[in-house]
Structures are given as C-alpha cells and as structure tokens.
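Enquirer: starting from these lines, generate the structure:
(chains A and B)
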Amino acid sequence: MFHMNKLHTLLLAVFMIGLGFACSEAEAPEEENEVEIFTDVELIFTAEDGSHVVRALAEDPTGGLGIDSRFTVEPITLRPNTAYILTFELLNRLVSPVEDVQKEIRDEDDEHQMFFEFTRDVFSDPMGIGNIEDRDGAINYLDFDDNGLPLGLKTRWVTGGPVMGAEFRVWLAHQPGVKSATSTATDGDVDFDITFELNIVAQED
Amino acid sequence: MAYKLLISACMLLCSGLFGLEARAQDRTFTGFIYETGTQEALAGATLQLLDGDQRIVVANAKGYFEITVPYTSDARVSVRFLGYAEKAVTLQPAKDNMIYLDPSDETLNTVEIRGEKMREEGTRSLSVSSVDRELIERNRTASLGTVLSGVQGVTFASFGSNIQLPVIHGLYGNRILILNNGFKHGFQNWGSDHAPEIDINSAESISVIKGAAAVRYGPDALGGAVLTESNTLPFNQEISGQVVTGYQTNGRGFNTAFDISEGKERFSWHAGGKVNIVGDREAPDYVLTNTGAREFTAHAGARYKITDRLNARAYYSFVNQNLGILRASIGSSGAALIRNFEAERPTFIRDFSYEINEPNQFVRHHLASLKLDYTLNESNFFSLRYAFQSNQREEFDVRRNADLPIIDLNLVSNDIQADWTHRLAANWSGVAGVQILTQQNSNNPGTSITPFIPNYNSFRASAFLIETYTKGNSEWEFGLRYDFEQNSVAGRERTQAQFADNFTFSNFTAALGFVRELSPRSTFRSNLGTGWRPPNMAELYSFGQHEARQTFGLLRYFEDEEGRLQNNRVVPFNESGVEAEQSYKWMNEIDVKGEKFRFSASAYANYIGNFIYWRPIGVVGTLRGPMPTYIFTQADAFFTGADVQVEWQHTSNWSSKFGGSYIWSWNVERDEPLINQPPIHINYELNYKNTNVGPFDRVEFSLQPSYTFRQFQAPREVSIRSLIEGTEVISIDSEIFDFLAPPPGYFLLNAFASAEKGRIGGSVMVTNALNTRYRDYLNAMRFFADDLGRNIILSIHYKF
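Expert: The predicted structure is shown next:
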C-alpha cells in the first residue's frame, strides 16, 4: 500500500495545482492601434472662384466592420462648367479624440495614391473616365510625394454640362514599397473604394 | 551491437541473393517464451514469421516452441500473447532462444485483436477503426486529416492543400476530440483553417472512434475522437529504426524522416523527427501560388520500469509549421474578392516557387507529458497522467500591415488525468477517472488590429465512471460523466474599450452500450449516448476581417427592436440566450469476419440541439468595398447515415475492398439544409501482395478508384453579384445560402506500389493519377481554384 499513499499525495497535489488555475481571471489583451480606419470620408469640392463649397459624405460608423450595413453615401451635386479643387476630410470617429486620418496619409505620402473613376466626359478637364481602369487616364493631381509621384489629396476638376445620375468613384490605395510611376489602383491594399452619385445641375437663380 | 547488426545484415543480404536455389535447406529454430517479471512460461503465445509464408507456431505448456524457417526467409519473428506487448525478435540458430514478453500496460483496459487496435473501456460498443503504421508509411507527409480519410465515414474538410481537419459523420472541428498520446491536443481549434498540428509520423497507430465517445473523453468528443498513439516502448528490444526519404512531384517537395528505438531490461526509449519542404502545388492547369509548406517535427519518449508494478513514461513532441494559403483566395478589396470568386482561373498565378508569402500561418506546438502506470494486482490498474502543451500561432494576411501577424496567439494547456481500471467481479469491469484541464489563451500585442478572439482562461473538472457487465456472449456497457467548466474572458471592442465576461457550464453525459457476439465470426454493437459541448471562444467572440471574409461570433451581433442586426457592443453571455450543444446519438454496427471476406456496416442517427454553425449572411457594404460576411448561429439539427465496408481475400495474393459512406443531414429547426456537409463517397481498392518476387522479398501494389458525388443537400446558391446589385436581399430569417453551388461529382484514381528487399524498401504512390480537374465541396479553396493535380510520391527507406 506504500505506493497507494504516494499516489494519493500526488493526486492531491495535482488537484491543488488545478484549483490554482481555476481562480485566475483573464486579463484583457493590450490596446491595439488600428491604423487608417475610416468612419467618415468627405469630399470637399471648393469652387475655384470661392463662390461656393460642395460637400458629400460617405459614412460607415462601424469603420468598415459592420454587420448592419449602415454605410451611407451622399450624392455630389456640382454646378456645370465650373472649376473645383477637391480636398478631403478623413476621420476615424471610433476612437476618442476623433482621429484625422489624413495626417497619417500625408506622413506616408510615398505609400498612398488616390485614384478616380467617373462617367465618361462628365468633366471637361480631365476628360475620359479617370485612372482606375487605366492608370494613365488623365487626373489633375495638385500634390506629390517626395519622389514626385501623385498623392491625390488635392486635385482639380472642371465640370462639363448638366447631367443626372452619373458616377464618381474614389479609391485610396495603400502601396507601401509598391507605389511607382507605373503602379495601378489594384496594387497594394485598398483603404477605401467608394462610388458617389454625381449630379451636375445648373443653379436656379 | 554493430557487429550483430552487420552479421544480420549479411545474413539478410545472403538470404536475398542465394535464396532461390537454396530452398531445400530450411532451418529449425527452438526456444522458450516467458513473462519478463515472473519468468513464467507463456503457454499459447504465438510466433509468426515476419517474412516468407508468415507461418505461425504456438508455444506449448512449457512455453517451448519450434519453428521451421525456409532458407529464403529471414529468421525474424513477431511474438504475441494476449495481454503482453508484441515483440519482434531475430532467432538465433543452434540454441534455445529465450524470449521474454512484457505484460502490456493496457492488459486491463484493452483487448487487442489483429487488425483492430485498442478498444478502451467506454468504447467497446462504439465503432472503432484504425490506421496502422503501414498506411501511415505510405505517405509520411500526409496530414492527419488526409490519412484518416481512408476510414469509412471519415473524410476531411480542408482549407487548401496544407490544412485538413478530420470529419466524422458530418461533424468536425470542435466536435472531434483529437487525443495525442492520451491528451486533448491543445490548439486553436476553431474555423476550418486550423488543422491539428500533429505529425502522423510520430504515431504508431491512429484510431478513430465514430460515435459519441464523450463519456470517456469529455465534451469535445461529441462527434467522435481521434486517438494517436506513439511508440509503445517495449522492453528488451534490440536497437532498431529507420531512415526514410521522399520526393513528391506536385509541389516538388522533399522530405526526410528517421525513427530509432531501443528497449533495455528496465528502460526503453525512442526518438524521431521529420523535415518536409514543399513548394507551390499545382492544379492540372495552373500553379496554386503560395501553397507551399515547411514542416519540422521532433519527438522522443522514454519508459522506465521503477518496479515490476510501477512504470513511468515521458513523452515530448514538437511541431513547427509554416503553411502557405492560396494567394488567390485573398482580395485586397471587396471588388477584387468578387473577381476572385467569379474567376474561372485564379486571379493570381505566378511561376512555381518554394517561397511562402502572406497569407500564411506559423505554428509551433510543444507537448510534454509524464505518465505513471501502477498495476496493483490483476484487477486494479492505476494511471496518472500530466501534460503541458504550448501552442503558438501567428497568421499573416495580405493587408496593410502584412509584416505584422493579424492573429498572434499563445495557448497554454495543462491536463491532469487519473484513471482507475478495475474488475469488481468476474463479470463486472470498468474504469473510473477524473480530469482537470486548464487552458489559457493570450493575444500577443502588436498586431495593429482588434483581437479576432479575446484572451480567456478556462478551467474544466470532470469525473466519469464506465462499467461493463458481461454475460455469455453479451456485454452491457454503462457510462456516466460530469463536467464542470468555468470561463473567464477579456477582450477589446473595436473602440479598444475593454470587455470582460465570466460564465460556467456543467452537464452530465450518459451512455448505454450493448455488444453481442452473434457467432464466433460476427459481432453486433449498439450504443446510445448523450453528449454536450459548450460553444468555443471563436464561436462566441470571432470578430473581424480575416482571410477572405468577415466573421461575427454569437456574442458579437444582436437584433435590435426593428429586427436589424447590430454589432456595436459585445453581448454578455448570460443575456445572449446562447446554449451549449446537446446531442443524442444512436449507433449500430455489425461486423462479420469470414475466412475469405469481412463485412462491416454501421448506421447512426444523431440529433444535436443548439447545433452551432457558420453561415454567410450576405455581402456587407463597407468603405473598402463589399465584403462577404458570415455569422455563427444555432439551430437544432439531425444527422443520419451509414458506412459500409466489404473486404475480400480473392487468392493468397489478391484482395480487394469496397467502401461507401452516406450521410443525410437537416436543420430541423429552420427546415433547411446544413452547410458544408460531406457528400456521398464510394471507394474501391484492389491489392496485390506477394513475397519473394524476382529480386524482392516483398512487393505490393494497389489501385484505388473512388467517386465523390455532388452534394445534393447543399444550401441554395446566391451569387455575390446579386447581393451587391440588390436583386437578392438577405436577412437573418432568410433561407441559408452559399456564394457558390456545390461542385460536380468527381472520379479520382490513386495507385500505390512498394517493394522491399532486406532492409531497403521503396514505394511509389500516385494521387489523382488521371490528373482530373475537380473541386471538393469541403475545401474552402473551391471558391477560387481547382484542387491538386497528379502527384507522384516517391519514398525510400532503410530499416536497421
């Protein structure tokens, strides 16, 4: 029976160890810094003559991870034959204080490029359909990275004649180590890809 | 030692070379067989010649034997006696060979029948099938899932060519317990993309228990169990081992493995390892880019006889894997993903390479265990076991921070088990046991993404009792088990706010089994068992985008007052209405062994209440584009089916085998099909075995045609495009669907040939010999690419 006693002691010890584990509470994982989450992507078309500003907001309160599809896109309504400068407001409202993601993109301007696609010839400048399908499509970039490659947080557009229900697609590509004079929208990763409804309407006044 | 080896090597060589003309001079060997401890003669022990005609002789009452060995054969014999460890011995001429057998540790809790391994208490009335060393050796680089799919009723669900999970009667993942040397394999057992990190090469045998083995093994064995056993570590064995090296054409993979073992009088040990490197696999028409794999494994074990009654064993195994996942399964945007779904050919094809890029998985798994076996007397046997496991998993996705893992988890498991196997009376025997299992899962910081599953500590304490009553040709088996499980969870929401929850489960499991020997050749088994399984952490808390989709666990979404799905908070478990799965399985098996044939058939019915499954819920519009979205949900489900296998021995050389599996499953609560259930499968094998053919001691070849039917019970197809364009609208009440219809049925032809001469042997295995283009319903990569094309697997071994 000598061994039995030993076994007994061992068993007891084993249960004590087990109980020790039982009492521990899990600790939360460390906070992660999720970069470049967008809840708000707002297009800001400022008329070059300073007469008016047109804003169109695309909003996803879940930051691109929703089950409820509350993703909303406002239509863009521009005036015909008008020159605009397009800039952005890019926010992450999931964190507080609200984060301006545009800063991060500017810091990494050699890793990002904004691409555009639109209904053929809705703009008189640039003409065509943009540079998503064909990266050499004309876009009037006004900002460039240190390598002289376009960034696209600031672009120039001249509208054509009135049109309803046209499309305007904005695609922010993240291309670390990939961005080059020949890289296309589909290279690297996609930060966002949003299609806005575009209307060009003469102002009634 | 080396001298002895040399002599026997020479003998072998000579017998091989001069065998043919020297038939007349057969040799007779004599000796005695004793038990090691007591030195008692083992009357009735058998010796079987391993070579030649494989003749068998039986030792007489004094343990004495005489065996005549044809001159063409090596004098190696296998010595067996029920209740003792089998032993291989080379007989020495011109003297009495003294052979000592060790009582097998499993004397009380196993019954060993040839061709049928290990029936532990609590599984006697269940259907048990096993895969032996011979089958494992046919393809050492195969995954556990692949090698088990040779068993009727078992198939595998895969996530590309590197990740395979065994499926038993339609159940897989968390419902199949994988016991590695007696311990629950502690890994990230969730999703279809995490396969058990077990090197089949470290296993001596692998058994599959088809049925609710939950009483014996715990809640995770709801759907069955897979038991891998390493070297049995017999004493008094000469040093022996083998070195194997192989090459496979598909993936241009090469591998090498070794095994070595030795048994002294009181001490025995074994060690082994494997290296396997494979590059991109190929479908018949194109390269499957980024499907390479790299695997390094090592294992070692030792056994020490402290006293005649007390044995100690230690075992350690290590597996290190880097597994590539098909690049074309990842879309950098929703639009790209849809392109991948719709493309006939994968959208990303590069030239062959050994390189493994994202998406890929790095896993390191350590298992260290200690066992003490104590035989008190003929009727009482105790076993105490402890195992420590560490599972480190890093997964990389094609994403913005591709250099950072998207999943980086450490899972530590401690498992303590104590069993008492006993015989209370002449016709009552059984086993009682207790078990404590703790698991700690932690996310390593630095992924730059909200953890996909939270940190948790779980504690489970269990006790079980199984008794078998034998009367005449019948056996009744009764089992009862109680489990208590406590979970403490802490995670992060998308806003990085913390959440925490505590919840417990406790439940009884019961089983009633019946075994009857209808005749000496036929056995009938019936088992009625209940089982339960708590939802796992991934089913509860999955959250986020990973690989080709976004997934939400049971507690990660809820319906608001308007019936819309919301996910802006984590639901506390106690408010959620989520319940543990509860199953009732009835399984019947008949097994008939004739002289020239064997027939076995099993039929089962399984009802699982609160069955947890994963289904697509639509394509959610996000700022990154549309994203296929899946949720976990629960419903009552019913499974029924049958497995049949018939084997014929046509002549002494030719044999064949036919098998088929059928499963019918239904979501009875929602009156709709279940997703990802195995289709009907039939297979045939024609086998030829012979000895002393031409220059070879042993040759074998086989042809294995098989046909897998289209899954006719699959959910309806709703294309991604129709969801994006809004022609189809899905809510949580909509009938289940899948993004693609099930692929058509397919015919595959595999073949195998091997030849052995003395210590050297080689084999060729061809899978998908006809280079058939096909997609498998249970392969998650079927959405993106064809399955593997022809693969020729060559292997050469040297045994010493």
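
Enquirer: helix or strand: which one has the residue nearest to residue B:310 when sequence neighbours are not counted?
Expert: Nearest non-adjacent residue to residue B:310, counting by C-beta to C-beta, 6 or more residues apart in numbering or on different chains: residue B:374, 5.1 Å away. (Each C-beta comes from the backbone N, C-alpha and C, glycine too.) Following DSSP states H and E, one finds residue B:374 within strand B:360-377.

Enquirer: hey, what's the closest residue to residue B:444 other than its chain neighbours bridged with?
Expert: Leaving out its chain neighbours, the residue that sits closest to residue B:444 by C-beta to C-beta, 6+ apart is residue B:408, at 4.2 Å. Beta bridges link residue B:408 to residue B:394 when assigned by DSSP bridges.

Enquirer: give the other helices and strands that the helix or strand containing residue B:268 contacts.
Expert: Assigned by DSSP H and E, residue B:268 falls within strand B:267-278. In terms of contacts (3 or more C-beta pairs under 8 Å, 6 or more residues apart in numbering or on different chains; DSSP states H and E), strand B:267-278 is packed against strand B:253-263, strand B:293-305.

Enquirer: identify the residues contacting residue B:146.
Expert: B:139, B:156, B:164 (C-beta atoms under 8 Å, 6 or more residues apart in numbering or on different chains).

Enquirer: of these, the lowest pLDDT goes to which?
Expert: Lowest-confidence member of the contacts of residue B:146: residue B:139, scoring 79 (pLDDT).

Enquirer: so which residues of chain A form helices?
Expert: A:2-22, A:101-107 (DSSP state H).

Enquirer: which stretch in the ones you listed is the model least sure about?
Expert: Note on the helices of chain A: helix A:2-22 shows the lowest mean pLDDT, a mean of 58.

Enquirer: what helices and strands are in contact with the strand holding residue B:374?
Expert: helix A:2-22, strand B:310-324, strand B:380-396.

Enquirer: if we go to 7 Å?
Expert: Helices and strands touching strand B:360-377, by 3 or more C-beta pairs under 7 Å, 6 or more residues apart in numbering or on different chains; DSSP states H and E, are strand B:310-324, strand B:380-396.

Enquirer: bridging residues for residue B:637?
Expert: Beta bridges link residue B:637 to residue B:608, residue B:667, judged by DSSP bridges.

Enquirer: residue numbers of the stretch 501-650 of chain B in contact with chain A?
Expert: By C-beta under 7 Å from any C-beta of the partner chain, the residues of the stretch 501-650 of chain B that approach chain A are B:544-545, B:550, B:552, B:557, B:564-567, B:620-625, B:629, B:631.

Enquirer: can you flag the buried ones in the residues you listed?
Expert: Buried members of those, scored by 16 or more other C-beta atoms under 10 Å in any protein chain shown, are B:544-545, B:550, B:552, B:557, B:565-567, B:620-625, B:629, B:631.

Enquirer: pull the most distant pair out of these.
Expert: Of all pairs drawn from these, the greatest distance, 21.7 Å, lies between B:566 and B:625 (C-beta to C-beta).

Enquirer: report the closest residue of the stretch 151-300 of chain B relative to chain A.
Expert: residue B:186 (13.3 Å; C-beta to the nearest C-beta).

Enquirer: need the nearest residue in space to that residue, chain neighbours excluded.
Expert: residue B:413 (3.1 Å).

Enquirer: kindly report the same for residue B:152.
Expert: Closest to residue B:152 by C-beta to C-beta, 6+ apart is residue B:643, at 4.0 Å.

Enquirer: show the contacting residues for the one you found.
Expert: B:152, B:153, B:602, B:661 (C-beta atoms under 7 Å, 6 or more residues apart in numbering or on different chains).

Enquirer: residue contacts, residue 175?
Expert: Just going to use chain A. Residue A:175 neighbours (C-beta under 7 Å, 6+ apart): A:111, A:112, A:113, A:183, A:187, A:188.

Enquirer: sorry, should have said chain B
Expert: By C-beta under 7 Å, 6+ apart, the contact list for residue B:175 reads B:222, B:223, B:533.

Enquirer: same thing but 10 Å
Expert: Residues near residue B:175 by C-beta atoms under 10 Å, 6 or more residues apart in numbering or on different chains: B:167-169, B:189, B:212, B:214, B:219-224, B:531, B:533, B:581, B:583, B:608, B:611-612.

Enquirer: swap in residue B:387?
Expert: For residue B:387, the contact set (C-beta under 10 Å, 6+ apart) comprises B:180-186, B:315, B:367-371, B:413-417, B:437.

Enquirer: switch the cut-off to 7 Å
Expert: With contact set as C-beta under 7 Å, 6+ apart, residue B:387 has these partners: B:183, B:367, B:368, B:369, B:415.
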